[in-house]
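> Predicted model follows, preceded by the sequence.
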Amino acid sequence: MTRQLYKRTVYVGAIPHVITVTQKARTVWEAVGDYRGEPIRVKGSSADVAINYWADAARIKDRDN
């Protein structure tokens with residue numbers, strides 16, 4: 001299996017954040033990026049799911065602060 005790695009821009013509150021998405025296994029993808037100086041690392045069953053989880057985690061951090 002060829003592992004994939006790429007960067008995506010995710011907008012949280014109209015602010016762009018560049019995250020790295022990596023395929024760890026056939027159905028395991030990891031999205032990693034900083035949000036307001038704090039790292040967020042999440043896993044999902046596809047690249048799109050991992051990206052959405054990352055954006056959700058950033059929104060939760062934003063709401064909690």
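Structure's in. What do you need? Numbering: from 1, shown residues only.

> How much space separates the nearest residue to Arg3 once chain neighbours are set aside from Val42?
Leaving aside its sequence neighbours, Arg3 sits nearest to Gln23 (CB to CB, 6 or more residues apart in numbering; 4.9 Å). Any C-beta I mention is one placed from the backbone N, CA and C, and that applies to glycine too. Distance, Gln23 to Val42, by CB to CB, to the nearest Å: 14 Å.

> thinking again about what came up before, which neighbouring elements make contact with the helix or strand where the residue nearest to Arg3 lies?
Per DSSP states H and E, Gln23 falls inside strand 15-25. Where contact means 3 or more CB pairs under 8 Å, 6 or more residues apart in numbering; DSSP states H and E, strand 15-25 is packed against strand 5-12, strand 28-35, helix 47-64.

> how about JSON lines for these, with mean pLDDT and distance to Ile19 added?
Output for the helices and strands packed on strand 15-25, formatted as JSON lines (pLDDT from 0 to 100; distance: least, CB to CB, whole Å):
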{"stretch": "strand 5-12", "mean pLDDT": "96", "distance to Ile19": "6"}
{"stretch": "strand 28-35", "mean pLDDT": "97", "distance to Ile19": "3"}
{"stretch": "helix 47-64", "mean pLDDT": "94", "distance to Ile19": "6"}
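
> wait, what's in contact with the spatially closest residue to Leu5 that is not a sequence neighbour?
Leaving aside its chain neighbours, Leu5 sits nearest to Thr22 (4.9 Å; criterion: CB to CB, 6+ apart). Going by CB atoms under 8 Å, 6 or more residues apart in numbering, Thr22 touches Arg3, Gln4, Leu5, Trp29, Glu30, Val32.

> can you pull the pLDDT of the first one?
The model reports Arg3 with a pLDDT of 83.

> Give me the phi and psi angles of it.
phi -80, psi 140 (degrees, to the nearest 10).
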